Structures are given as C-alpha cells and as structure tokens.
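Asker: quick one: sequence plus predicted model below, questions after.
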Amino acid sequence: MARSFLDSLLGNNLADPPARPALPPTPRHPHEGRPKWITFAATPFLLGAFFQGATGMVTDLAAFGLVASGMWMTREGLVAQAAFEARRVAKRPAIPRKLFGGILGAVGIGIGAAEPGALAEAGLIGAAGLALHQLSFGLDPWRDKSRDGVDSFQQDRAQRMIEEAEGHLDQMRDAIARTGDRRLQARVGMFEATVRHLFDRVRDNPAGLGSARRYLGVYLMGARDATIRFADLYAATGDVAARQAYEGFLDDLEKDFIARSDRLLDGDRDALDIEMSVLRERLAREGLTGAATRVTPDDRPALQSHEAQTLDDLLKMPFPGQKTPRD
C-alpha cells in the first residue's frame, strides 16, 4: 500500500538518474578558516583554568567561552558575507555577526587579561582586540544590493517567497535525518543545492517569480510531504522499493527545477537581445551604425601593379594624377 502511494505520487519513474549539470560552487570567504586559529590561540585560558582558585577558574572559562563564541559568530558572518557578495541582488544580513563576534572576542580577551586594580589596562587590551578583529575581518555588509530597473516591491515579494521555501527545505532535511542514512541525506542535499540555484535565479530576476511560484510553493511543499512520509516509512520498515521510488521522485523533480532555472536564465538572455536589437535599430535610423563607413578587407582596392614588391617600392609609386620625373 505504501508502495502504491509513492508510485502514484512519484510517477513510478525508476529510471537511472539523469546527468546533472554543474551547479555554481558554494561561495566561500577567503578568511573563513581564520577564526578557528584564534579560538585555538585562546586554549591557554581553558587549560589553565583548572589550576587556579574558584575566581580564576570562572574568569578563565568565561574568557575562553566568550572568545570561542565570538569566533564562531565571526565565521558565520564571513559565510553570510560570501553569500551576499556572490549574488547580484541580496538583502544585507539581518544581524551584523562579525561586529558582534568582535565584541564578544574583545570582552573575552579583556576578562582573561583582567587583574585586580588593572581594569583600565584590561579595557585597553579588549579595545585593541576589537580593532584588530575589524582590521582582519572587515565590516559586515550594511546596504542591500539591488538591480537597476527592478521594483523593490518585487524584490521583497520574491524574498518572502524564498524564505518560505527555505522552511520547506529545512523540514525535508530534518525528516530525512531521522532515517540515519547518510546516502539519503546526501541525495537530499544535492536536491537542496538545485533548489537554491533556482532561488538565486529568482533573486536576480524577481519578475520571473510568477513562473517560479508553483515550484517554490506547491511543488516544494509536495516534496516536503513526500519526504516526511517516506522518512517515517523507511525508518520503520527499511523498504528498499520505497527508497528507489523516492530517489526516482527526486530525480524527476530535480530535472523540473533545473529546467525552470534555465528558463529564467533564458529570459535574461532574451531581454538582453531585445535591448541590443532596439539600440541597433535606433542607431541605424540615425545613421550611426558604422556599417556604411566600416571598410572590410573585401572593400579595399587591390593593387593593380606588380612592380611594388616592398614597402619602399610602394612608397615610391606615384599617386593617381601625379606626374613622374620622366614626364
């Protein structure tokens, strides 16, 4: 019965998965690995905490925890910045993670360096740490990125739709994690990357949201519901046939999402061709196309004389109508 349900839902297509086109690589910030080294440098606070009194132990543990938390938030800020810079249209991060990470790290360093009667020096050390953090990792993006000629209302509507679709993907990921099968989790991750590629196309072209609305709404909700039911069934029975049907379903749905992304990209190409053709027509009406004045190699007059074999011979030849010394 479960198999018949999945067959009817998934279209009973168990063919070999098609070759998947290469998706854009995940954007990565060049400094994304640096925060872990700062956390590693703060380990003396952690190791030395257990060889002190109660006050020193709590102080050093708090210092290490604040530094580690700040570096984790800094790394999240670098990831968000890389994704922001990779998109042509993007909202600035809602939380300035790098700034908050620098503040947490600076407070941690200041607490770790604090001594009785030396609070001013500890504050200076923390301020220096914050300044070095900002110099090393930079500031968070503070302005939204948008395309010229695109209505902000369309961008906001597309972003809200994408956020709802992100929730469907999160539920799919949580459901498939219950199976405990890493291969299935990786397969859902590949499908998630394909869907995010469509997200990027919609962000770049919010006017195409109307054609992609079904994919971000109805189809993705159907994929979520099918994933939840499959995860419950497979976790209880381990049905191999149901697994094959589910993987075939993901293959078919992935092809549809890729095709929709390509159509949105083709729409951008069509718009570019229209703009170029309109500009060519306008230049042609004004006589500025350059076609009439451009001289091609076939239009150049050929040399009629075979006497000019070198550049010097060519320069010595008289121009048409010019008299020679013999004349």
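Answerer: Sure, I can see it.

Asker: isn't Gly102 up against Ser136?
Answerer: No. Using Cβ atoms under 8 Å, Gly102 is not in contact with Ser136; the gap is 9.1 Å. Using the backbone N, CA and C atoms, a C-beta is placed for each residue, glycine as well.

Asker: of these two, which one has the most company?
Answerer: Gly102 (25 against 14; other Cβ atoms under 10 Å).

Asker: check contacts around the more buried one.
Answerer: Neighbouring residues of Gly102 by Cβ atoms under 8 Å, 6 or more residues apart in numbering: 70, 74, 129-130, 133-134, 137.

Asker: by neighbours, which of those residues wins?
Answerer: Gly70 (29 neighbours).

Asker: what's the mean pLDDT across the helix or strand hosting it?
Answerer: Per DSSP states H and E: Gly70 is located in helix 54-86. Helix 54-86 shows a mean pLDDT of 89.

Asker: buried ones in it?
Answerer: Neighbour-count burial for helix 54-86 flags 59-84 (criterion: 16 or more other Cβ atoms under 10 Å).

Asker: which is the next helix or strand following that helix?
Answerer: In N-to-C order, the element after helix 54-86 by DSSP H and E is helix 97-113.

Asker: got the angle between that next one and helix 54-86?
Answerer: 160 degrees (axes from the mean of the first three to the mean of the last three Cα atoms, to 10 degrees).

Asker: dump helix 97-113 to PDB, keeping only the CA atoms.
Answerer: Extracted C-alpha coordinates of helix 97-113, given in PDB (Å, rounded to 0.1, in the frame of the first residue of the first chain):
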ATOM      1  CA  ARG A  97      27.600  38.800  13.000                       C
ATOM      2  CA  LYS A  98      31.200  39.900  12.500                       C
ATOM      3  CA  LEU A  99      30.700  43.000  14.600                       C
ATOM      4  CA  PHE A 100      29.100  41.000  17.500                       C
ATOM      5  CA  GLY A 101      31.700  38.400  17.100                       C
ATOM      6  CA  GLY A 102      34.400  41.000  17.500                       C
ATOM      7  CA  ILE A 103      32.700  42.500  20.600                       C
ATOM      8  CA  LEU A 104      32.400  39.000  22.200                       C
ATOM      9  CA  GLY A 105      36.100  38.200  21.500                       C
ATOM     10  CA  ALA A 106      37.200  41.600  22.800                       C
ATOM     11  CA  VAL A 107      35.300  41.100  26.000                       C
ATOM     12  CA  GLY A 108      36.700  37.700  26.400                       C
ATOM     13  CA  ILE A 109      40.300  38.900  25.900                       C
ATOM     14  CA  GLY A 110      39.700  41.700  28.400                       C
ATOM     15  CA  ILE A 111      38.300  39.400  31.000                       C
ATOM     16  CA  GLY A 112      41.200  37.000  30.600                       C
ATOM     17  CA  ALA A 113      43.700  39.800  30.900                       C
END
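
Asker: kind regards, and thank you for your time.
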